[in-house]
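Trainee: sharing a model that was predicted from the sequence below.
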Amino acid sequence: MKKVTPKVWDVVVVGGGPAGMMAAAQAAARGRAVLLLEKNQKLGKKLLITGGGRCNVTNNKPEVRTMLTQYKSGGKFLFSAFAQFAVDETIEFFTTRNLPLKEENEGRLFPETEKAESVWRVLVEGLQQSGVTVKSGSTVTRIMKDKLTGNFVITLKQGEVFEARACVVATGGTSHPETGSTGEGFKWLENFGHTVVENNFALVPLALADAWAKKLGGVTLRDIKLTVTADGKKESSHLGKLLFTHFGVSGPTILNLSREIGELLTHSRVTLLLDLFPKLDNGALREKLQNLLTTESNKKIKNILGQLIPAALVGPILGLAEIDAEMPNHSVRRDERLKLVQLLKAIPLQVKGLLGADKAVISAGGVKLEEINFKTMESRLVPGLYLVGDILNIDRPSGGYSLQLCWTTGFVAGTNI
């Protein structure tokens with residue numbers, strides 16, 4: 001049966017990311033004539049790179065109130081949306097579409113295929129099955145509302161114009177601009193009278209000033225503790241995982257600290273203290289090191305330290321401790337042992353700054369939450385305008401919380417249009 005293009009669409013969704021695809025499919029499943037406009041040639045470009053290409057679908061916190069604590073001050077706004085579609089519904093959505101999930105560290109849920117493309121395929125198939133019309137390579141330049149008809153008028157860069165009774169804006173924030181998230185949605189919404197909280201980068205890696213650390217690109221440290229200090233004063237401590245990169249450090253723990261560190265950098269010198277042995281106090285670690293030096297007394301210290309720490313760290317650690325790597329273990333002095341233990345418990349990492357939008361996992365900022373009806377995701381200022389996903393001013397950590405926000409807000413908008 002040939003698909004007929006209506007003169008006035010029931011719904012036009014602007015933005016083919018996860019929230020937009022979810023909203024479009026749900027609206028079409030309810031019999032709405034839906035047009036999905038995507039500026040890239042392919043839908044879900046950013047989705048395909050999430051979780052290192054593995055796609056962290058959500059976080060296994062099925063109790064809604066517990067889940068919402070992760071969204072900080074935004075959590076109080078989200079309850080009515082999550083009451084309609086939360087973690088359990090997300091798991092069911094994907095597993096009933098032949099995409100089983102598996103749980104990893106800190107509740108992160110990934111597809112068993114370990115491929116973001118598997119998640120993408122479920123969404124694309126959902127669009128096809130529900131009858132959504134997808135128009136890719138479509139850059140929207142303006143969204144306005146016709147005062148006479150009350151319909152939305154969406155204009156493309158190519159000159160095409162579409163009219164719709166309802167419009168869903170799912171253009172995301174400003175993280176990973178190479179995927180199309182360049183923030184133009186905020187300009188349209190400001191023109192409609194919405195308040196847009198200044199956008200900045202919430203989850204970003206850190207650049208370090210330490211030359212030695214930049215030589216460790218690719219080295220991952222698990223079960224470590226990081227203490228954040230500002231001008232030598234302790235601010236906070238966190239357990240987790242760290243990844244060295246060619247510019248500094250990244251990984252879930254670093255990403256979740258980046259906003260705090262960004263604020264501290266505006267007025268202080270920030271240093272991270274890396275504890276490689278958070279389960280051992282200094283005394284226990286000193287005894288462990290002494291036993292190793294005694295047992296292997298005739299070997300060189302550079303050859304036995306790798307039994308305690310990753311081999312790639314041996315050279316840098318001995319350099320920081322000012323200990324000759326060629327020194328035999330029986331010649332290591334007491335003061336050198338103490339210095340080495342202190343270092344293993346608090347390796348200083350000098351923070352140079354935050355990486356930019358091209359490295360951000362998400363961006364913070366967006367439309368003021370008081371201006372949204374979260375029972376439907378409809379604007380309180382503009383009837384028929386629905387706002388979903390990263391365009392909302394909701395802060396959250398890494399770990400599946402961003403995509404859950406997309407699934408939830410997209411579903412709620414799509415089922416209430």
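Mentor: Looks like it arrived, so ask away.

Trainee: for the stretch 51-200 of the chain, what spans make up the strands?
Mentor: 58-59, 101-103, 108-111, 133-135, 140-145, 152-156, 161-169, 196-201 (DSSP state E, counting those that start in this stretch).

Trainee: can you list contacts of the helix or strand following the last one?
Mentor: When you say that, I think you mean strand 196-201. Downstream of strand 196-201, the first helix or strand assigned by DSSP states H and E is strand 206-208. By C-beta atoms under 8 Å, 6 or more residues apart in numbering, the surrounding residues in contact with strand 206-208 are 214, 247-250, 254, 258, 261, 272, 349-355. Yep, even glycine has a C-beta here, placed from its N, CA and C like the rest.

Trainee: mind running it again at 10 Å?
Mentor: 214, 244-245, 247-250, 254-255, 257-258, 261-262, 265, 270-272, 349-356, 359 (C-beta atoms under 10 Å, 6 or more residues apart in numbering).

Trainee: whichever of those residues end up buried, select them in ChimeraX.
Mentor: ChimeraX command restricting these to the buried ones, with burial defined by 16 or more other C-beta atoms under 10 Å:
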select :214,244,245,247,248,249,250,254,255,257,258,261,262,265,270,271,272,349,351,353,354,355,359
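
Trainee: which of the contacts of strand 206-208 fall within strands?
Mentor: 244, 248-250, 270-272, 349-354 (DSSP state E).

Trainee: in TSV, list those along with distance to residue 338.
Mentor: Formatted as TSV, the ones in strands among the contacts of strand 206-208 follow (distance: C-beta to C-beta, whole Å):
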residue	distance to residue 338
244	26
248	29
249	26
250	32
270	26
271	21
272	22
349	21
350	23
351	27
352	29
353	33
354	35
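
Trainee: make TSV out of these and add pLDDT and distance to residue 114.
Mentor: Listed next are those as TSV, based on pLDDT from 0 to 100; distance: C-beta to C-beta, whole Å:
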residue	pLDDT	distance to residue 114
244	94	23
248	90	27
249	92	24
250	89	19
270	94	35
271	96	36
272	96	30
349	96	30
350	95	35
351	94	32
352	92	33
353	86	33
354	84	29
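
Trainee: out of these, which is nearest to residue 408?
Mentor: Of all those, residue 408 sits closest to residue 250, with 26.9 Å by C-beta to C-beta.

Trainee: residues contacting the residue found closest to the closest one once you drop the neighbours it is linked to in the chain?
Mentor: Nearest residue to residue 250, sequence neighbours excluded (C-beta to C-beta, 6 or more residues apart in numbering): residue 205, at 3.7 Å. With contact set as C-beta under 10 Å, 6+ apart, residue 205 has these partners: 243, 245, 247-251, 254-255, 258, 354-355, 359-361.

Trainee: domain-wise, how is the chain divided?
Mentor: Split into domains by automatic domain parsing, the chain comes to 9-201+362-416, 205-355.

Trainee: pick the most buried one from those.
Mentor: By mean neighbour count, with neighbours taken as mean count of other C-beta atoms under 10 Å, domain 9-201+362-416 ranks first of the domains of the chain at a mean of 20.

Trainee: mean confidence (pLDDT) on that one, please.
Mentor: The pLDDT scores in domain 9-201+362-416 average 91.

Trainee: residues in contact with residue 307?
Mentor: Here residue 307 is in contact with 288, 292, 295-296, 314 (C-beta under 10 Å, 6+ apart).
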